[in-house]
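Undergrad: Coordinates for the following, if possible.
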Amino acid sequence: MIDIKINFLSLLADITKIKELNISVQDNATIKEILGRLISKFGENFENKILDSPNSLSRYIILGLNGKDIRTLENLDTIVNHHDEILLMPAIAGG
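TA: Model (predicted):
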């Protein structure tokens, strides 16, 4: 088992009612597996905000792993390591 930290910002913190969560996951767990656990914990509204489909992160969500957008890594198949930090936040746009 490995320990990771998840930070929720903005609207996602409002949905989860927390800003930070520490969880233990299996070795070689992927972002997709972690999101599955978070969806089970926080429900359908959370799922609808973060995913476009079961295999696709919403384009309106930034998911960072240790400061890097997972889209530049292996996307949802990115493997997490002990003491990694995940940041989930809505993309901010202006006009």
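
Undergrad: Could you pull out the strands in the chain for me?
TA: For the chain, strands defined by DSSP state E occupy the ranges 2-8, 20-25, 51-53, 56-57, 61-65, 68-69, 85-90.

Undergrad: Put together TSV for those strands, with mean pLDDT on each row.
TA: Compiled in TSV, these are given as follows (pLDDT from 0 to 100):
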stretch	mean pLDDT
strand 2-8	98
strand 20-25	98
strand 51-53	94
strand 56-57	95
strand 61-65	97
strand 68-69	96
strand 85-90	97
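
Undergrad: With mean neighbour count and distance to Ile31 as added columns, please give those strands in TSV.
TA: The C-beta positions use only the backbone N, C-alpha and C, and glycine is treated the same way. As requested, the strands of the chain are arranged in TSV below (neighbours: other Cβ atoms under 10 Å; distance: least, Cβ to Cβ, whole Å):
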stretch	mean neighbour count	distance to Ile31
strand 2-8	17	10
strand 20-25	13	10
strand 51-53	12	11
strand 56-57	16	8
strand 61-65	19	7
strand 68-69	12	11
strand 85-90	18	7
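
Undergrad: So for Lys41, which of these sits nearest?
TA: Shortest separation from Lys41 across those is recorded for strand 20-25, at 8.4 Å, computed as Cβ to Cβ.

Undergrad: What are the buried residues along the helix of greatest length in the chain?
TA: Longest among the helix segments of the chain by residue count, using DSSP state H, is helix 31-42. Of the residues in helix 31-42, those buried under the neighbour-count criterion (16 or more other Cβ atoms under 10 Å) are 31-35, 38-39, 42.
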